[in-house]
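Trainee: Fold the following, please.
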Amino acid sequence: MAVDDGAFFIDGDSEEQTVRVKRMLKELGVRRDSKGFGILADAVVYSLRGDEVHGRLTKDIYPTVAKMRKQSEASVEKACRDSVRKCWQRGNREMFRDILGGAPRLFRGEPTVCEFLTAVRDYLDEAA
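Mentor: The predicted model follows:
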């Protein structure tokens, strides 16, 4: 069964931005063939459009990605959570630490989806 890892484009999003997000997720260790890869990429791309992730995740980001992918908000949330967890457990820890900025709280356990999106978003904003 083929997995669609394509990200959607919302007015103002660029293909270049989506490619950067996908490249970064792949380098972090999120598997392209996992269901959550494209969904997490969509969430990161969409999160780049606002000021902060906190407070927008369940009220804006998950519903928007779910609508675009014709899935439930719960399945989008689960796919993101599973991808972040697998990335934390099996991915590129050194790059993960660089992106997360060495925050001590994050080294006691895996980051939440909100923490992950915020860190990736901030990292991409700084690199741009």
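Trainee: ok, residue 76 touching residue 66?
Mentor: Yes: with contact defined as CB atoms under 8 Å, residue 76 and residue 66 form a contacting pair (4.5 Å). Quick note: C-beta positions are derived from backbone N, CA and C, even for glycine.
Trainee: Residue ranges in this structure under the pLDDT threshold?
Mentor: Applying pLDDT under 70 to the chain picks out residues 1-13, 51-52, 101-108, 128.
Trainee: how about a cut-off of 90?
Mentor: Low-confidence segments of the chain, defined by pLDDT under 90: 1-19, 31-35, 46-59, 87-112, 114-128.
Trainee: All the helices of it, residue numbers only.
Mentor: Assigned by DSSP state H, the helices in the chain fall at 15-28, 35-47, 62-69, 73-90, 93-100, 113-127.
Trainee: out of those, deepest packed?
Mentor: Highest mean neighbour count among the helices of the chain (mean count of other CB atoms under 10 Å): helix 35-47, with a mean of 25.
Trainee: Kindly export that one (C-alpha atoms) in PDB.
Mentor: Listed next in PDB are the C-alpha coordinates belonging to helix 35-47 (Å, rounded to 0.1, in the frame of the first residue of the first chain):
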ATOM      1  CA  LYS A  35       1.500   7.500   7.600                       C
ATOM      2  CA  GLY A  36       2.500  10.300   9.800                       C
ATOM      3  CA  PHE A  37       5.300  11.700   7.700                       C
ATOM      4  CA  GLY A  38       3.100  13.700   5.300                       C
ATOM      5  CA  ILE A  39       0.700  14.600   8.100                       C
ATOM      6  CA  LEU A  40       3.500  15.900  10.300                       C
ATOM      7  CA  ALA A  41       5.000  17.800   7.400                       C
ATOM      8  CA  ASP A  42       1.600  19.400   6.800                       C
ATOM      9  CA  ALA A  43       1.400  20.400  10.400                       C
ATOM     10  CA  VAL A  44       4.800  22.000  10.400                       C
ATOM     11  CA  VAL A  45       4.200  23.800   7.100                       C
ATOM     12  CA  TYR A  46       0.800  25.100   8.500                       C
ATOM     13  CA  SER A  47       2.400  26.000  11.800                       C
END
